[in-house]
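J.: Quick one, fold the following:
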Amino acid sequence: MKKNENNRAALLDQEFLHGRDGRAIRVLTEFLGPESRFRRLGIRDTIVCFGSARLQSRRDALLAFRKAEKKHGPGSKEIRLAERNLEMSKYYEDCRRLSRRLAEWSQKQGNGYAICSGGGPGIMEATNRGAQEGGAPSIGFNIQLPFEQKPNPYITPELNFDFHYFFVRKFWFVYLAKAIVMFPGGFGTLDEMMEVLTLVQTGRVTKKMSVVLYGKAFWNKLINFQHLADTGMISPQDLKLFRVCDTVDEAFDFITKSLVKIRKKNGIIPG
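T.: Sure, this is the predicted structure:
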């Protein structure tokens, strides 16, 4: 009896589990927990959207702009920021529409793709919102941060995850993904984009996976990919690892055609 009590005490030792020596157990839990849930819920393939947590819906951006107009004069810093946020809100709305269309397409075709985001606000919210509107499973891979990032309300409750380790979270983003869309974002989005492209470039991702950079004006101004090729930093062939798209129709057509092509090649659907 005493031995059993000691065993139970070890299993429930919070100081050990949350200390340095329990790190491997925590990492393994974040790896195996989602796997178990995905298997139980039949989630095998995902379409992932990355992008800024700071982008607002057009409605919220417009309300903020009107509020700024009432409080501040024309040409003020506050007005300029509100105008910028209103302009950038187009990416929130485009992400929402793209996610909804992909979700509706998946449900109609019976393909079973879940739509996945980082679980927070901004582009993440737009992704899950569109997925919910389109009737597809809506996954949120949230992350514990020094400043609180609350899960958005559009995640399917059983598919709402909360990670501590960035690298395990990144693993789950890529492992099930058959298509990834990069909307405008900051350091986090750039980190995720470069890691995905590096994994594809080096062959560490062996499956076929479509990568879309959404927003030509944003990405072409931010990164000169052609310069990387011209200076020999990447191969000219590496420019084919992704597609830059500027409209929902363009991105939708590219992704769906790529996914159908992949499934035909794998014999999942008739040729």
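
J.: Averaged pLDDT, whichever helix in the chain runs longest. What do you get?
T.: Ranked by residue count and defined by DSSP state H, the top helix of the chain is helix 77-109. Mean pLDDT, helix 77-109: 97.

J.: Which positions in it come out as buried?
T.: Neighbour-count burial for helix 77-109, counted by 16 or more other CB atoms under 10 Å, picks out 79, 82, 85-86, 88-89, 91-106. Every residue, glycine included, has its C-beta placed from N, CA and C.

J.: residues contacting the closest residue to residue 56 other than its chain neighbours?
T.: The shortest distance from residue 56 to any non-neighbouring residue, by CB to CB, 6 or more residues apart in numbering, is to residue 89 (5.3 Å). Shown in contact with residue 89 (CB atoms under 8 Å, 6 or more residues apart in numbering): 55, 56, 57, 58, 60, 61, 62.

J.: of all those, which comes closest to residue 155?
T.: Nearest to residue 155 among the contacts of residue 89, counting by CB to CB, is residue 57 at 16.5 Å.

J.: Would you check how far apart the residue lying closest to the closest one once chain neighbours are set aside and residue 42 are?
T.: The shortest distance from residue 57 to any non-neighbouring residue, by CB to CB, 6+ apart, is to residue 92 (5.1 Å). To residue 42, residue 92 is 30 Å away according to CB to CB, to the nearest Å.

J.: Same question for residue 205.
T.: Distance from residue 205 to residue 42, counting by CB to CB: 23 Å.

J.: And these two? Which one has more around it.
T.: Here residue 205 and residue 42 are compared on neighbour count by other CB atoms under 10 Å; more neighbours surround residue 205, at 17 against 9.

J.: tell me the phi and psi of residue 243?
T.: The phi and psi values for residue 243, taken as degrees, to the nearest 10, are phi -130, psi 130.
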